[in-house]
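**Student:** Test case, fold it:
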Amino acid sequence: MGGYFAIPHGEICSSLMAAANTITVRKLRTERSNDKALRKYSDIGKMFAESNDKPDGYYMDFLLNTIERMASDMDIPRLKMMGIHSSDFAKIVAAAESKNNPVTLTNEEMLEVLEMAS
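**Tutor:** Okay, the predicted model is just below:
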């Protein structure tokens, strides 16, 4: 996205963090293709929750909610506030990869991430 917009890389990444993780965890749960990645989400959620007496799914959700809350608390701008609009999404997705994601996202899922982050 940074190649299309004069926006700092970290700002774009932070604006996508909650949505990208939400869609990733949803897909990991649905496919059950990478239990190691799901366990990592749960383990990190336990660190934020400071407990470990609930099911793993609770901690995955706790982490996702924590990321969303932190973004809000830090006033991380939404994509539209940075001048990125839904009319830009197709070209962004066409150039995107999910190479470092624990599960490959489809173009539709990447569009959903962008929509959620707008």
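**Student:** distance of L64 from I23?
**Tutor:** When distances are taken as C-beta to C-beta, to the nearest Å, L64 and I23 turn out to be 10 Å apart. (C-beta placed from N, C-alpha, C; glycine too.)
**Student:** between those two, who's got more neighbours?
**Tutor:** Using other C-beta atoms under 10 Å as the criterion, L64 and I23 rank with I23 on top: 22 against 19.
**Student:** now the host helix or strand of that one: mean pLDDT?
**Tutor:** Counting by DSSP states H and E, the secondary-structure element that holds I23 is helix 9-31. Per-residue pLDDT values over helix 9-31 give a mean of 95.
**Student:** And P55, how far from I67?
**Tutor:** When C-beta to C-beta is applied, the distance between P55 and I67 equals 19 Å.
**Student:** Tell me which of those two has more neighbours.
**Tutor:** Neighbours of P55 and I67, each counted by other C-beta under 10 Å, are more numerous for I67; the result is 20 against 9.
**Student:** Surely the more buried one touches M17?
**Tutor:** Yes: taking contacts as C-beta atoms under 8 Å, I67 lies within contact range of M17: 5.7 Å.
**Student:** quick one: low-confidence ranges for the protein?
**Tutor:** Low-confidence segments of the chain (pLDDT under 70): 2.
**Student:** farthest residue from the center of it?
**Tutor:** Relative to the mean C-alpha coordinate of the chain, counting by C-alpha atoms, centre = their mean, the farthest residue is D53 (25.6 Å).
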